[in-house]
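> Generate a structure from the sequence data that follows.
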Amino acid sequence: MSAGQEKPGGLVQVQSTALAKGGANSLAVRGLNHLRDKELAEEWLRKGLELQTTMPAGVRPELQTTLEYIKQISTGTKPDVAAENLRMTPEDQERARVAHHFMPDTLNECAQLEEARNNQLLEVFLCFERGIQLDPHHPLLQHNIGTAYYFGRGVKQDYSQAYIWFRKAAEQGNANAQYCLGTLYSDGEGVDRDEVEAAAWLHKAAEQGNTDAQVGLGLAYKTGSGVPQDYAQGAMWLRRAGEKEDFGDPTAD
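Numbers count the residues shown, from 1 in each chain. Below you'll find the predicted structure:
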């Protein structure tokens, strides 16, 4: 073979090597970007959790009802309609009228505090939302978003959305999310009531040491709810829970 015939082969080899290096560099860049996204997601999680620790205390439930009652009336809703919307008793209505008449300044201050709290709850939720956009499979972010939807913290209460997010985290082994998912199945919130599924998820969480799940599973065995009735198993799980100083917070991380 002549020298002129050898050159094209040499060129192809050089081009192949260049393409291989380019592909490796591209993979390395994507890997670095992925790691950076995960780090940023962790930062958003930390920021959201820190904001939660500085959350202003919420007003008492009965005062919240009073504030909402007054707010609806001030926007033109008839008192009886507002009371029906809020499921108020006649005593609740009278308490609201008295508070509005004798404590307008106090109610205004409480309304401002409640608005500040709601704004901070929204900021917390946005932190978790930004984090999950960067790392869609982060179980702690998934659990916290599920908790926000369950309680209506910073977002409209939505049990169906809570179920979706708790399920994502539970399937990755997050014990608190497993407990919450079991509770949703037990109560039929956001998903059809299913005692067998409830017991199964409570069992997963209980095995990881979630105290609330251990209590729930113990009671399930004692009553035969989703599992064969077994007093010995029920007593064992309740005893495990009782060995701890206090019950865990199902919404904690």
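> Around residue 100, how many other residues sit close by?
Residue 100 sits with 16 neighbouring residues when counted by other CB atoms under 10 Å. C-beta coordinates here come from the backbone N, C-alpha and C atoms, glycine included.
> wait, it sits on residue 67?
No. Taking CB atoms under 8 Å as the definition, residue 100 is not a contact partner of residue 67, at 9.7 Å.
> Need the residues touching each of these two.
Among the neighbours of residue 100, those also in contact with residue 67 (CB atoms under 8 Å, 6 or more residues apart in numbering) are residue 107.
> Which residue ranges of this structure form helices?
With helices called from DSSP state H, the chain shows them at 3-53, 61-74, 79-85, 90-102, 104-134, 139-151, 159-171, 175-187, 195-207, 211-223, 231-242.
> Just put those in TSV and tack on mean pLDDT.
Listed next are these as TSV, based on pLDDT from 0 to 100:
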stretch	mean pLDDT
helix 3-53	73
helix 61-74	80
helix 79-85	89
helix 90-102	82
helix 104-134	86
helix 139-151	97
helix 159-171	98
helix 175-187	97
helix 195-207	97
helix 211-223	97
helix 231-242	95
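> what's stretch 193-211 in contact with?
Residues outside stretch 193-211 that contact it (CB under 8 Å, 6+ apart): 170, 173, 175-176, 178-179, 181-183, 185-187, 212-214, 216-217, 220, 225-227, 237, 240-241, 244, 246-248, 250.
> For it, buried residues please.
194-195, 197-206, 210-211 (16 or more other CB atoms under 10 Å).
> And stretch 216-223, by the same measure?
For stretch 216-223, by 16+ other CB under 10 Å, it's 216-218, 220-222.
> likewise stretch 179-195?
Buried residues in stretch 179-195, counted by 16+ other CB under 10 Å: 179-186, 190-191, 194-195.
> Take it, keep the C-alpha atoms, and write them as PDB.
Taking C-alpha atoms only, stretch 179-195 is exported to PDB below (Å, rounded to 0.1, in the frame of the first residue of the first chain):
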ATOM      1  CA  TYR A 179     -45.400   6.800  58.400                       C
ATOM      2  CA  CYS A 180     -47.300   9.700  56.800                       C
ATOM      3  CA  LEU A 181     -48.200   7.600  53.800                       C
ATOM      4  CA  GLY A 182     -49.500   4.900  56.100                       C
ATOM      5  CA  THR A 183     -51.700   7.500  57.900                       C
ATOM      6  CA  LEU A 184     -53.100   8.700  54.500                       C
ATOM      7  CA  TYR A 185     -54.100   5.200  53.600                       C
ATOM      8  CA  SER A 186     -55.600   4.600  57.100                       C
ATOM      9  CA  ASP A 187     -57.700   7.800  57.000                       C
ATOM     10  CA  GLY A 188     -58.500   7.800  53.200                       C
ATOM     11  CA  GLU A 189     -57.000  11.200  52.700                       C
ATOM     12  CA  GLY A 190     -55.700  11.900  49.100                       C
ATOM     13  CA  VAL A 191     -56.100   8.200  48.300                       C
ATOM     14  CA  ASP A 192     -58.700   5.500  48.800                       C
ATOM     15  CA  ARG A 193     -58.800   4.000  52.300                       C
ATOM     16  CA  ASP A 194     -56.800   0.800  52.400                       C
ATOM     17  CA  GLU A 195     -56.000  -0.700  55.800                       C
END
